[in-house]
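Enquirer: Based on what follows, work out the 3D shape:
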Amino acid sequence: MSSYPCDPTLERHFKGHRDNVTSVDFSCNMKQIATGSMDSCVMIWNMKTQMRAYRFEGHKDAVLSVQFSPSGHLVASASRDKTVRLWVPSMKAESTAFRAHTATVRSVNFSGDGQNLVTASDDKTIKVWTVHRQKFLLSLNQHINWVRSAKFSPDDRLIVSSSDDKTIKLWDKNSRECIHSFYEHSGYANYVDFHPSGTCIAAACTDNSVKVWDIRSHKMLQHYQVHSGAVNSLSFHPAGNFLITASSDFTMKILDLVEGKLLYTLHGHQGRVSGVAFSRTGEYFASGGSDEQVMVWKSNFDSAEDSDNVRLQHQTTSSLHPLPASCKAQPSFSSHPCARRSEASEPSEHFNGRDSHAAAHTQSASRSVSHGAATPPHTHGPLGSTSSSTQRPRSRASTRHPPPGGAPPGLASTLEHIIGQLDILTQTVSILERRLTLTEDKLKECLENQMEIGLHLQRPEEA
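Expert: This next block holds a predicted model:
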């Protein structure tokens with residue numbers, strides 16, 4: 001069993017958003033953090049204490065998802081205003097916007113090579129775009145309710161999506177076919193992501209649970225019932241050994257995927273935790289919530305030496321440690337960092353060495369057993385060897401509810417017919433959008449060709 005020498009510590013907290021922080025992400029070099037908020041703004045926080053934060057204003061409604069490109073040269077944001085924006089994370093705040101969907105865009109994600117974007121929307125579709133010129137490539141249309149989250153696999157061949165229709169779908173990007181659907185029975189998944197190995201997916205669910213599935217066998221590997229509120233976001237440690245979750249119960253949980261147990265419960269936010277993300281190295285993680293704060297934490301539990309040992313363990317065993325179905329999970333440790341809420345209205349960054357020391361002292365002195373112990377994974381299977389994981393968010397938009405069970409049969413059948421007709425309309429609109437995009441691209445090419453021909457004709461005349 002690997003040891004965990006230190007507890008996570010709160011390093012800094014940032015204050016500047018004027019509403020719920022929905023999404024967080026680190027740049028690849030760890031110098032910046034991007035956040036989105038219900039206040040319609042994107043903010044870029046600089047990790048160097050002497051540098052000010054940037055506030056990007058351009059969206060006309062809540063920003064529900066943000067992500068840095070793999071190179072760190074761009075930040076993508078998705079909004080309720082039905083657009084996606086690509087920002088240059090500098091003082092100039094240059095951006096390009098494009099209308100991505102016909103309804104709220106809930107999720108945006110870069111492909112591993114940084115060439116494509118995948119977006120998910122309340123129009124029930126998932127779309128793939130080129131980053132250069134934001135050219136529409138394809139649409140995936142089998143969900144029958146709002147799509148909350150969509151992510152590329154590490155090798156960019158697959159896409160995973162989660163929807164209010166209580167399904168999580170796995171797609172082949174090239175064939176555009178749905179490979180498999182995982183079904184939720186007591187809720188839906190707010191957020192879904194691939195394990196760094198690409199062999200598993202994890203889902204943050206509204207029934208307070210976190211589930212891990214093997215995408216090869218389609219079997220559930222682990223089921224954690226550790227939160228007392230809906231789980232809004234999650235993030236894999238880049239080594240693939242740990243998973244951090246954010247919940248409406250005001251806490252974050254750190255799960256050990258190798259041992260199949262809850263390691264830490266983190267208290268810091270004074271409200272719902274909406275977004276969480278590990279840095280590219282796993283040394284830090286960041287969180288944002290309804291208290292309008294962004295918190296940056298140092299992992300500590302995965303030191304370089306310990307990380308190497310766990311990686312080696314993954315490569316040699318390639319499986320979870322089996323736990324008897326009847327046994328109870330190991331107790332968790334509760335961490336209570338001293339995170340004070342700031343009243344400053346301007347973007348600001350707060351760091352107090354004494355607070356950080358006090359937080360560390362509190363954690364080491366009070367490693368008490370948490371009363372909310374994790375339930376053991378229901379089933380176990382191989383996680384796969386690891387390779388070299390950001391919406392994330394759950395917005396405050398109200399979700400649609402099915403008709404009550406006591407509705408007359410005639411009314412129920414009429415509603416089903418209306419829903420079927422709406423689905424047909426949605427698919428028709430998607431096809432029309434696709435054709436319009438292709439027509440626009442052809443018109444652009446024609447105009448460019450005409451300009452080139454004109455230039456060629458002008459040169460002989462000038463000669």
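
Enquirer: The helix or strand hosting residue 118: partners in the sheet, and parallel or antiparallel?
Expert: Per DSSP states H and E, residue 118 falls inside strand 116-121. Using DSSP bridges, the strands paired with strand 116-121 in its sheet are strand 105-110 (antiparallel), strand 126-130 (antiparallel).

Enquirer: Residues touching the longest one, excluding its own?
Expert: Right, the one you point to is strand 105-110. 64-70, 76-80, 82-84, 116-122, 131, 146-152, 390-393, 395 (C-beta atoms under 8 Å, 6 or more residues apart in numbering). (Glycine included, C-beta is placed from N, CA and C.)

Enquirer: how about it: buried residues?
Expert: Within strand 105-110, the residues scored as buried using 16 or more other C-beta atoms under 10 Å are 105, 106, 107, 108, 109, 110.

Enquirer: will you turn these into a markdown table that also has pLDDT and distance to residue 296?
Expert: Output for those, formatted as a markdown table (pLDDT from 0 to 100; distance: C-beta to C-beta, whole Å):
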| residue | pLDDT | distance to residue 296 |
| --- | --- | --- |
| 105 | 98 | 27 |
| 106 | 98 | 25 |
| 107 | 98 | 23 |
| 108 | 98 | 22 |
| 109 | 98 | 22 |
| 110 | 98 | 22 |
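
Enquirer: Need the max-distance pair from those residues.
Expert: Distance extremes for the buried residues of strand 105-110: the farthest pair is 106 and 110 at 15.9 Å, using C-beta to C-beta.

Enquirer: before we move on, the earlier item: strands - which of the contacts of strand 105-110 land there?
Expert: Among those, DSSP state E puts 64-68, 76-79, 83-84, 116-121, 147-152 in strands.

Enquirer: and residue 426, how many residues sit next to it?
Expert: 18 (other C-beta atoms under 10 Å).

Enquirer: Give me the nearest residue to it, chain neighbours excluded.
Expert: residue 124 (5.7 Å; C-beta to C-beta, 6 or more residues apart in numbering).

Enquirer: Just to check, the one you found is in contact with residue 143?
Expert: Yes: in this structure, residue 124 is within contact of residue 143 by C-beta atoms under 8 Å, at 4.9 Å.

Enquirer: Overlap in contacts, these two.
Expert: What both residue 124 and residue 143 touch, as defined by C-beta under 8 Å, 6+ apart, is the set residue 163.

Enquirer: sorry, back to before: which residues does the residue nearest to residue 426 contact?
Expert: So residue 124 contacts 141, 143, 144, 145, 146, 147, 163, 423, 426 (C-beta under 8 Å, 6+ apart).

Enquirer: nearest residue to the second one other than its sequence neighbours?
Expert: The spatially closest residue to residue 143, leaving aside those adjacent along the chain, is residue 163, at 4.2 Å (C-beta to C-beta, 6+ apart).

Enquirer: ok, now how distant is the one you found from residue 50?
Expert: 44 Å (C-beta to C-beta, to the nearest Å).

Enquirer: ditto for residue 254
Expert: 31 Å.

Enquirer: more crowded one of the two?
Expert: Neighbours around residue 254 and residue 50, counted as other C-beta under 10 Å, are more numerous at residue 254. The numbers are 25 against 6.

Enquirer: For the residue nearest to residue 426, report the pLDDT, please.
Expert: Residue 124 carries a pLDDT value of 97.

Enquirer: How about residue 37?
Expert: 98.

Enquirer: Please look at it and residue 22 and confirm they touch.
Expert: Yes: with contacts counted by C-beta under 8 Å, residue 37 reaches residue 22, the gap being 6.1 Å.

Enquirer: so what sits against both of those two?
Expert: Joint contacts of residue 37 and residue 22 (C-beta under 8 Å, 6+ apart) are 62, 63, 288.

Enquirer: what residue ranges in this protein score low on pLDDT?
Expert: 1-5, 303-409, 430, 460-463 (pLDDT under 70).

Enquirer: all helices for this structure, in order.
Expert: Assignment of helices within the chain using DSSP state H yields the ranges 304-317, 353-365, 409-462.

Enquirer: and the angle from the last one to strand 126-130?
Expert: Translated: helix 409-462. 10 degrees (axes from the mean of the first three to the mean of the last three C-alpha atoms, to 10 degrees).

Enquirer: From the contact counts, what lies against helix 409-462?
Expert: Secondary-structure packing of helix 409-462 (3 or more C-beta pairs under 8 Å, 6 or more residues apart in numbering; DSSP states H and E): strand 136-140.

Enquirer: Just give the number of residues close to residue 184.
Expert: Neighbour number of residue 184 under other C-beta under 10 Å is 20.

Enquirer: Nearest to residue 301 among the buried residues of strand 105-110?
Expert: Using C-beta to C-beta, residue 109 comes nearest to residue 301 of the buried residues of strand 105-110, at 26.8 Å.

Enquirer: ok, now how distant is residue 169 from residue 143?
Expert: For residue 169, the distance to residue 143 equals 7 Å [C-beta to C-beta].

Enquirer: what do you get for residue 117?
Expert: Distance from residue 117 to residue 143, by C-beta to C-beta: 18 Å.

Enquirer: Equivalent analysis for residue 158, please.
Expert: On the measure of C-beta to C-beta, residue 158 and residue 143 end up 16 Å apart.

Enquirer: Which of those two has more residues huddled nearby?
Expert: Legend: neighbour count by other C-beta under 10 Å for residue 158 and residue 143, higher for residue 143 (26 against 19).

Enquirer: Report the separation between that one and residue 200.
Expert: Distance, residue 143 to residue 200, using C-beta to C-beta: 21 Å.

Enquirer: Appreciated, that's everything.
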